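Novice: Let's see this in three dimensions:
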Amino acid sequence: MIKNVLSVSVMYHGRKVGTLSMGNHSCCQFEYDRTWLREGFSISPLQLPLKAGLFSAPWQPFTGNFGIFEDSLPGGYGEYLLRKVLRREGVDYGSLTPVQRLSIVGNSGMGALCYVPESKIGERQSPLTLDEMQSLALEVLSERTDEGSDLLLAGSGNSGGVRPKCLYSDESGHWLVKFRHTFDSVDIGQQEYHYNELARKAGVVVPEFRLMEGKYFATRRFDLDDEGNRLHMATASGLLNEPLTPPKMDYHSLLQLTGFLTQSAEAVEQQFRRMVFNHYARNFDDHARNFSFLCRDGRWELAPAYDLTNDQTLSKHATTVNFKGLPTDEDLITVGMNTKMTRECCQQIIDEVKSVVEGH
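Specialist: This next block holds a predicted model:
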């Protein structure tokens, strides 16, 4: 029973990282396992450095959870489905502790962290075709039915974001497939495909992507290595303890985090290029959970760019540029120079990206 879960073991490739439990004032406490302290790495360098002792999470911004574990929980579409499935079982998602919610994720989340014991919910049914998944998602999102919510949840990989998604594997590898929401145009998949083409042409590193069945945008999963092993993944939100609502991260913090984690000038320049692309290509959905980092046994690297969209319903950046929602080129350059980039390098990247976007 979910309600009986008071603590979970945090696991990485079958090894125990540590124990997460509920402490005083409904806030989580975490302690690294002794063996992990000798042989492992910090799963969240800023908030959970690799050292002995008990860490206590603040109440804000994740209602008592640590940011790195909040990353494992579904958001947006995934949480919407989870609430429906739990409601059918007589459980109010809002009444669950972070530890209980993580026990539902178990080993089904993105990235390498898993949680034991796992609380099974819903039923696993035979897989559907992509067209059937799209049709069912529209039915559920339109509130015409709750039937099939558990199947959609199981297929989503507990992913976040507004639009419906599913994990998909074939002979070419492992993919994350996106479907349209009720408010999307029927060609939303083609739109995202062309937008990613533009980003790649502008020098932004994106995962391999394709259109499935000519309409469903799919991107190769980057939380798996070439052999299919799961990689530890952390978002800027999780690492900086930055909430999505209200959005308040600035690119100053993001570029500084990139330099600190990766110790790579090339990674900082790539993050700067993404900021410039988001500005000129009007990707305003650049919130803290849409930037990620990968860790391969203690070595951090910048993850490819993802969730690149031109959402016409948004009017300013979720992540500010030099603390402005509608920045100038000089604001872009200020952010870069504050992260030890030269003005000349910043200007060159701006010119390259601007040329591609404006020539599109």
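Novice: mind checking how far residue 49 is from residue 55?
Specialist: 9 Å (Cβ to Cβ, to the nearest Å). (Each C-beta comes from the backbone N, C-alpha and C, glycine too.)
Novice: And those two? Which one has more around it.
Specialist: Neighbour tally, residue 49 and residue 55, criterion other Cβ atoms under 10 Å: the higher count belongs to residue 55, 18 against 11.
Novice: Low-confidence regions, the protein specifically.
Specialist: 1, 122-126, 312-313 (pLDDT under 70).
Novice: check contacts around the residue positioned nearest the centre of it.
Specialist: Against the mean C-alpha coordinate of the chain, by Cα atoms, centre = their mean, the closest residue is residue 289 at 4.8 Å. For residue 289, the contacting residues are 71, 75, 160, 235, 236, 237, 238, 244, by Cβ atoms under 8 Å, 6 or more residues apart in numbering.
Novice: change it to 6 Å
Specialist: Going by Cβ atoms under 6 Å, 6 or more residues apart in numbering, residue 289 touches 235, 237, 244.
Novice: out of those, which is most surrounded?
Specialist: Most surrounded of the contacts of residue 289: other Cβ under 10 Å gives residue 237, at 26 neighbours.
Novice: What strand or helix carries that residue?
Specialist: helix 236-240 (DSSP states H and E).
Novice: which parts of the following helix or strand past that helix are buried?
Specialist: Using DSSP H and E, the next helix or strand after helix 236-240 towards the C-terminus is helix 251-262. Going by neighbour count (16 or more other Cβ atoms under 10 Å), the buried part of helix 251-262 is 251, 252, 253, 254, 255, 256, 257, 258, 259, 261, 262.
Novice: just the CA coordinates of whichever helix or strand comes after helix 251-262, formatted as CSV?
Specialist: Under the assignment DSSP H and E, the closest C-terminal helix or strand after helix 251-262 is helix 265-280. What follows is helix 265-280 as a C-alpha-only set of coordinates in CSV (Å, rounded to 0.1, in the frame of the first residue of the first chain):
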residue,chain,number,x,y,z
ALA,A,265,34.3,26.0,-22.1
GLU,A,266,32.8,24.2,-25.1
ALA,A,267,29.7,23.2,-23.0
VAL,A,268,29.3,26.8,-21.8
GLU,A,269,29.5,28.1,-25.4
GLN,A,270,26.9,25.5,-26.5
GLN,A,271,24.6,26.6,-23.7
PHE,A,272,25.1,30.2,-24.7
ARG,A,273,24.2,29.2,-28.3
ARG,A,274,21.0,27.7,-27.1
MET,A,275,20.1,30.9,-25.2
VAL,A,276,20.7,32.9,-28.4
PHE,A,277,18.6,30.4,-30.5
ASN,A,278,15.8,30.5,-28.0
HIS,A,279,15.8,34.3,-28.2
TYR,A,280,15.9,34.7,-32.0
